[in-house]
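Visitor: pasting the sequence and the predicted coordinates here, then a few questions.
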Amino acid sequence: MSVFNNTKIAFADKSDAELRKAFWMFKLIEQPTLTKIGTSVLNFAVSNSIPFAGDLVKYTLFSQFCGGVTREESLKVVNKMFKYGVGSIFDYSIEGMEEEAAFDKTLEEIKENIKFAEGKAAIPFVVFKPTGFGRLDLYAEVGRGKELTSSEKEEWQRVVMRFDEVCKMAFEKNVKIMVDAEETWMQDAADDLIFEMMKKYNQQKAVVWNTVQMYRTKRLEFLQKDLENAEKHNFYLGYKFVRGAYMEKERNRAAEMNYEDPIQPTKQATDDNFDAGIDFTLNNLGRISAFFGTHNEKSTELVMDKMKEKGLQNNDPHIYFGQLYGMSDNISFVLGEMGYNVAKYLPYGPVKDVVPYLTRRAQENTSVAGQTGRELALISKELKRRKNLN
C-alpha cells in the first residue's frame, strides 16, 4: 500500500466541516461541462461587479485554493500547515495585467513577500511570474531576437531592473526566490534573464531558482547547457521541476503557426522526461538544488527512493517537494510527517483579481486525468474513518 494513502495524516489539519466542503467542491469540478459553464459565469459576474458574486467565489473556489486576500490574512493558514511540517510559498496570483503601473505594483508586492519571508522557516521560497514584471509579447520579441524600438528597449530595461531588484533583495535577506515558467514563446527571454540572475547571485548557493516544464521537448539539453555554464563560471543552480500547464494552448499555437510542437508527444514521454530530470538533479547535487513540484505519487516516491540510494537525509537542504494549496494533501502532509522539505504554493490576492487564476485551476483539475477522482476518494475515505471512530 502506498505511503500516501494515510488519510489521517493527510487531513490532520481539516475539520469534518472543511472536508465535507472540499468534497462538494471537487464533486462540482469533476463535471467538465459544469466547470466550463460555472467558471465562465463566475468570470462574467465578478468582472461586472454583480452583487454577491465576490462572496460566492470567496466561499467556494477561493477558500479551497487560496490562503486569503492578503499575505497577513494568509498567515493563519501558514502557521496551521507548518505545525505539520508543511511550508508555504506565497503566490501573488494576479494574472493578465499588462500596464507598467501593475508591474510596479507586483514588484512592490514581491519585495514585501521577501521581507515577510526573511528568517521564517515556514516560508522557504518567494515566487513570481515573469509576466508579473513585463508584457508577454515583449518577452517573445526579445526571445526571438527582434530589433526593439527605443521605447521597447526602455521597457525591457525596466523588466531587467525589476528582476534584479527582487533577486538582489532575496540575496541580501537570504530568501530563496523562484521564477515560474510560462508559455514557450516567451520563455527563452525569461530563461536567459534568470540565468544572468543566477550567475550574479548564486555564487555561494542557489538563491535564484528557475522553473523547468518537463512536458517540453529539449529540456534535458537545456539543463545540461546550464550545468556546463555553471561549472565554468562557478555558481549554483536551483530549479523547480514541473510537468507543465499550457499543453492545449501550446499545441494549438504550434499547429496554427506551423512550427514544431514543443510538447512531448505523450503523457508517458512527459513522465519519462520528468523522471530523467530527477536523475539529472540527483547525479549533480553538488551544483544543483531542486524543488519537485508534482501531484504524482510515483514521481514523489521515485525521488524518495533515489535519496535513500544515495544515503541522503530526508531533510537534505538541496531537495524540496511541492504541491498546490487545496490539492494532494495526502502527499504534502505525509512528506511533512516524514521530515522531508515540503511546501504548498499558497495563492492570495483580492478575490476579484484572483478569479482568472481560480477558474484556470478548476479547469486544470477537470482536465488532469484522475486528479479530482483521487481527491474525492481520499476525502471520502477519511470521512468514513472518522465516522467509524464515533
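Guide: Structure received. Residues are numbered from 1 along each chain as shown.

Visitor: now the longest helix seen in the chain, how far from the centre of its chain.
Guide: Looking across the chain with DSSP state H, the single longest helix is helix 150-173. Chain-centre distance of helix 150-173: 22 Å, with CA atoms, centre = their mean, to the nearest Å.

Visitor: for that helix, packing partners?
Guide: helix 100-117, strand 125-128, helix 136-143, strand 176-179, helix 184-201, strand 208-213 (3 or more CB pairs under 8 Å, 6 or more residues apart in numbering; DSSP states H and E). For glycine as for every other residue, the C-beta is placed from the backbone atoms N, C-alpha and C.

Visitor: for that helix, which positions count as buried?
Guide: 152, 155-156, 158-159, 162-163, 166-167, 169-171, 173 (16 or more other CB atoms under 10 Å).

Visitor: can these go into JSON lines with extra columns for pLDDT and distance to Arg386?
Guide: Compiled in JSON lines, these are given as follows (pLDDT from 0 to 100; distance: CB to CB, whole Å):
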{"residue": "Glu152", "pLDDT": "97", "distance to Arg386": "59"}
{"residue": "Glu155", "pLDDT": "98", "distance to Arg386": "55"}
{"residue": "Trp156", "pLDDT": "98", "distance to Arg386": "55"}
{"residue": "Arg158", "pLDDT": "98", "distance to Arg386": "53"}
{"residue": "Val159", "pLDDT": "98", "distance to Arg386": "50"}
{"residue": "Arg162", "pLDDT": "98", "distance to Arg386": "48"}
{"residue": "Phe163", "pLDDT": "98", "distance to Arg386": "47"}
{"residue": "Val166", "pLDDT": "98", "distance to Arg386": "44"}
{"residue": "Cys167", "pLDDT": "98", "distance to Arg386": "46"}
{"residue": "Met169", "pLDDT": "98", "distance to Arg386": "45"}
{"residue": "Ala170", "pLDDT": "98", "distance to Arg386": "42"}
{"residue": "Phe171", "pLDDT": "98", "distance to Arg386": "46"}
{"residue": "Lys173", "pLDDT": "98", "distance to Arg386": "42"}
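
Visitor: closest one to Ser332 out of these, please.
Guide: Proximity of the buried residues of helix 150-173 to Ser332 (CB to CB) peaks at Ala170, which lies at 23.9 Å.

Visitor: contact partners for that closest one?
Guide: By CB atoms under 8 Å, 6 or more residues apart in numbering, Ala170 lies in contact with 114, 126, 176-177, 201, 207-208.

Visitor: quick one: which of the residues you listed is nearest to Asp16?
Guide: Val126 (34.0 Å).

Visitor: what about the closest one, neighbour count?
Guide: By other CB atoms under 10 Å, the residues close to Val126 number 26.

Visitor: could you find the closest non-adjacent residue to it?
Guide: Excluding the flanking residues, the one nearest Val126 by CB to CB, 6 or more residues apart in numbering is Asn113, at 4.7 Å.

Visitor: where does pLDDT dip in the chain?
Guide: For the chain, applying pLDDT under 70 flags the ranges 1, 32-48, 50-54, 56, 95-96, 360-370.

Visitor: center of it - which residue?
Guide: Most central in the chain under CA atoms, centre = their mean is Tyr345, positioned 5.8 Å from the mean C-alpha point.

Visitor: between the helix or strand containing that residue and helix 100-117, how many degrees?
Guide: For Tyr345, the enclosing helix or strand under DSSP states H and E is strand 342-348. Between strand 342-348 and helix 100-117, the angle comes out at 140 degrees (axes from the mean of the first three to the mean of the last three CA atoms, to 10 degrees).

Visitor: count of residues packed around the closest residue in space to Lys58 that isn't next to it in sequence?
Guide: Leaving aside its sequence neighbours, Lys58 sits nearest to Val351 (CB to CB, 6+ apart; 5.2 Å). Neighbours of Val351 under the rule other CB under 10 Å: 18.

Visitor: these two touch, right, Val351 and Tyr59?
Guide: No: judged on CB atoms under 8 Å, Val351 makes no contact with Tyr59 at a distance of 10.1 Å.

Visitor: so which residues of the stretch 201-350 of the chain form helices?
Guide: Using DSSP state H, counting those that start in this stretch, the helices of the stretch 201-350 of the chain run over 219-233, 247-257, 267-282, 297-309, 329-337.

Visitor: can you say which of those helices is packed in most?
Guide: helix 329-337 (a mean of 25; mean count of other CB atoms under 10 Å).

Visitor: contact partners of it?
Guide: Under CB under 8 Å, 6+ apart, the answer for helix 329-337 is 3-7, 9-14, 81, 84-86, 295, 297, 300, 321, 323, 342, 344, 378.

Visitor: how far out from the middle of the chain is that helix?
Guide: Worked out by CA atoms, centre = their mean, helix 329-337 lies 17 Å from the chain centre.

Visitor: just the CA atoms of that helix, as CSV, please.
Guide: This file holds the C-alpha atoms of helix 329-337, laid out as CSV (Å, rounded to 0.1, in the frame of the first residue of the first chain):
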residue,chain,number,x,y,z
ASP,A,329,-2.7,16.9,0.9
ASN,A,330,-2.1,13.2,1.1
ILE,A,331,1.4,13.8,-0.5
SER,A,332,2.2,17.1,1.3
PHE,A,333,1.3,16.2,4.8
VAL,A,334,2.8,12.7,4.7
LEU,A,335,6.1,14.1,3.4
GLY,A,336,5.9,16.7,6.3
GLU,A,337,5.3,13.9,8.8
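
Visitor: now do that helix against helix 297-309, angle only.
Guide: Going by the same axes, to 10 degrees, helix 329-337 makes 20 degrees with helix 297-309.

Visitor: now Ala117. Nearest residue, chain neighbours left out?
Guide: Ile123 (4.1 Å).

Visitor: then Phe116?
Guide: In space, Phe116 is closest to Arg71, 5.8 Å off (CB to CB, 6+ apart).

Visitor: check which helices and strands the helix or strand where Leu19 lies sits against.
Guide: In this structure, Leu19 is located in helix 16-29 according to DSSP H and E. Where contact means 3+ CB pairs under 8 Å, 6+ apart, helix 16-29 is packed against helix 32-47, helix 63-65, helix 351-367, helix 371-389.
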